[in-house]
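Engineer: this one's sequence-less:
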């Protein structure tokens, strides 16, 4: 009898593992909340994309509700969402970009080609700020209130309906 139970243990273990893996398939990684929600924006000191001698820090995000968009020239969906970001800027939403794991020349060329909705672009070639934000890919967008607290996190491409249905209402909520 004990021998039969010992033979069933690997089968039971396999079934339990299979159930957990199957449950994981239903999780959408784009719907995950940031671990930084309702926390201060991480501290940083980085140069801007536009001027290597101009260093900015997290105080840049205080005083006004700001969308911080993490993007890169290498990111195809960043190109797709640029019209929505330009639209948000035209509507008076303050945007700050984080040029993530890029080169300065490629980042500048990207903005020359697709437009520049950003008041400032933070240059993050090593991905240190992205790491501190918990970014696992671009694009990702964070809404930061006037006190420098992260209030909303959007993972992935911002679609036109996201602007209307989510982004603008969130901006207005925190203004």
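Structural biologist: Thanks, I have the structure now. Note that the structure is a prediction, hence the values are computed from the model and not measured.
Engineer: alpha carbons only for contacts and neighbour counts from here, please
Structural biologist: OK.
Engineer: just give the closest residue to the spatially most central residue of the chain, not the sequence neighbours.
Structural biologist: In the chain, the centroid-proximal residue (Cα atoms, centre = their mean) is residue 140; its distance is 2.1 Å. Closest residue to residue 140 apart from its sequence neighbours, by Cα to Cα, 6 or more residues apart in numbering: residue 155 at 4.6 Å.
Engineer: burial check on that neighbour, number of neighbours?
Structural biologist: Around residue 155 there are 20 other residues, counting by other Cα atoms under 10 Å.
Engineer: for the one 5 residues further on, same thing?
Structural biologist: By the measure other Cα under 10 Å, the count of residues near residue 160 is 14.
Engineer: for the nearest residue to it once chain neighbours are set aside, give me its contacts.
Structural biologist: In space, and not counting its chain neighbours, residue 160 is closest to residue 84: 6.0 Å by Cα to Cα, 6+ apart. Shown in contact with residue 84 (Cα atoms under 8 Å, 6 or more residues apart in numbering): 158, 159, 160, 163.
Engineer: give me every residue that touches the first one.
Structural biologist: Contact analysis of residue 158 by Cα under 8 Å, 6+ apart lists 81, 84.
Engineer: please tell me how far it sits from residue 103.
Structural biologist: 23 Å (Cα to Cα, to the nearest Å).
Engineer: one step back: settle this for me: the residue nearest to residue 140 is touching residue 141, isn't it.
Structural biologist: Yes: judged on Cα atoms under 8 Å, residue 155 makes contact with residue 141 at a distance of 6.5 Å.
Engineer: and the gap between residue 127 and residue 107?
Structural biologist: 14 Å.
Engineer: of these two, give the one with the bigger neighbour count.
Structural biologist: Shown here are residue 127 and residue 107; by other Cα under 10 Å, residue 107 has more neighbours (21 against 16).
Engineer: now that one: which helix or strand?
Structural biologist: Element membership of residue 107, judged by DSSP states H and E, is helix 104-114.
Engineer: list the buried residues in that helix.
Structural biologist: Residues 104, 107, 108, 110 are the ones in helix 104-114 that count as buried (16 or more other Cα atoms under 10 Å).
Engineer: which residues touch the first one?
Structural biologist: If I follow you right, that is residue 104. By Cα under 8 Å, 6+ apart, residue 104 lies in contact with 49, 123.
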